[in-house]
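Participant: Below: sequence and its predicted model.
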Amino acid sequence: MFGFALVGCTIVIPTPDVPPAADPNAAWRRVIERYINEYDLVDQDGLRRDPSDLDAFVAWIALPDSDVARPVDRQAELAFALNAHTALSVYKEVKGLPINWGSQCVPVFTVRGRPITLRELEESIASGGDLRAMFALGWRDSFARPGSSARLPREPFTAANVDRLLDAMMREFVDDRRNVEVHSSGTKVRLAKWFLDHADDIRAHAPDPLAFCNLYRSTPLPNGTVEYRNY
């Protein structure tokens with residue numbers, strides 16, 4: 001699933017010098033429950049005081065496949081990649097590592113025994129063509145207004161739940177009036193700018209954005225004129 005092409009200036013981030021988590025999902029669940037609240041705010045001070053579960057999970061992420069048994073079906077691969085992206089994003093934030101992708105240098109982490117940047121990990125997830133997964137990557141969008149981006153599930157992604165959780169994230173998004181609003185006339189629908197930004201990806205899943213929303217909406221949208229918000 002992963003492809004690597006490191007260019008330009010990179011900063012290699014050392015893997016935590018701790019034993020890898022024996023039960024990685026349990027360790028990552030404790031991080032989410034204790035240090036990431038329902039508004040997706042990370043308790044950085046708390047994690048700096050007790051980084052044991054985060055460090056152990058990041059150490060597990062770094063293990064080569066030859067050193068650990070990992071399922072290789074689509075759901076398991078996707079769940080691993082989404083958890084890894086979130087955990088490494090939090091790890092970078094907590095450790096105070098470089099975060100500006102426009103800067104000259106970017107941090108490189110070890111994932112499955114190989115070097116990768118977060119941008120490359122995002123691209124590897126996007127290459128699977130699952131728009132729900134691409135949407136899920138936006139949970140840490142600091143410029144998004146409340147309700148306009150994905151919310152991190154309150155449990156780790158697993159092979160058994162990844163489709164259910166991604167469906168729930170999309171459903172919450174398209175059922176929110178701030179993102180999908182039907183005009184009182186019933187002939188016009190105003191959509192969040194996310195739909196415009198991902199228009200090409202949406203067309204790979206549905207004929208138009210309204211049809212895409214109806215894949216997840218609890219109440220189907222009427223056919224009508226589409227407008228996009230400016231934010």
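Facilitator: Received, thanks. The structure displayed is predicted, hence computed values, not measured ones. Numbering: from 1, shown residues only.
Participant: list the contacts for the most centrally placed residue in the chain?
Facilitator: Residue closest to the mean C-alpha point of the chain, counted by CA atoms, centre = their mean, is residue 137 at 2.6 Å. Neighbour list for residue 137: 82, 85, 122, 125, 126, 150 [criterion: CB atoms under 8 Å, 6 or more residues apart in numbering]. Heads up, the C-betas are built off the backbone N, CA and C, glycines and all.
Participant: The residue nearest to the fifth one when sequence neighbours are not counted and residue 205: what is the separation?
Facilitator: If the residues on either side of it in the chain are set aside, residue 126 comes closest to residue 134, at 5.2 Å by CB to CB, 6 or more residues apart in numbering. Per CB to CB, to the nearest Å, residue 134 is found 11 Å from residue 205.
Participant: Regarding this structure, what is its longest strand?
Facilitator: strand 105-111 (DSSP state E).
Participant: Tell me which helix or strand comes right after the helix or strand residue 165 falls within.
Facilitator: Assigned by DSSP states H and E, residue 165 belongs to helix 162-175. Per DSSP H and E, the first helix or strand lying C-terminal to helix 162-175 is strand 180-182.
Participant: which neighbours does that following strand have in its sheet, and in what orientation?
Facilitator: strand 188-191 (antiparallel) (DSSP bridges).
Participant: What lies in contact with the partner strand?
Facilitator: Contact with strand 188-191 is made by 179-183, 209-210, 213, 221-222, 224-229, as judged by CB under 8 Å, 6+ apart.
Participant: Need the max-distance pair from the residues you listed.
Facilitator: Greatest spatial distance among the contacts of strand 188-191 (CB to CB): 222 and 229, at 18.6 Å.
Participant: Identify the residue spatially nearest to residue 191, adjacent ones excluded.
Facilitator: In space, residue 191 is closest to residue 228, 5.5 Å off (CB to CB, 6+ apart).
Participant: contacting residues around the one you found?
Facilitator: With the criterion set at CB under 8 Å, 6+ apart, residue 228 makes contact with 190, 191, 192, 193, 195, 196.
Participant: what do you get if the cut-off is 10 Å, keeping everything else the same?
Facilitator: Contact analysis of residue 228 by CB atoms under 10 Å, 6 or more residues apart in numbering lists 189, 190, 191, 192, 193, 194, 195, 196, 197, 199, 209.
Participant: same deal with residue 71?
Facilitator: Applying CB under 10 Å, 6+ apart, the residues contacting residue 71 are 77, 79, 80, 158, 159.
Participant: Now go through those residues and say which are in helices.
Facilitator: Cross-referencing these against helices under DSSP state H gives 77, 79, 80.
Participant: Please report how far the last one lies from residue 31.
Facilitator: From residue 80 across to residue 31, the span is 16 Å (CB to CB).
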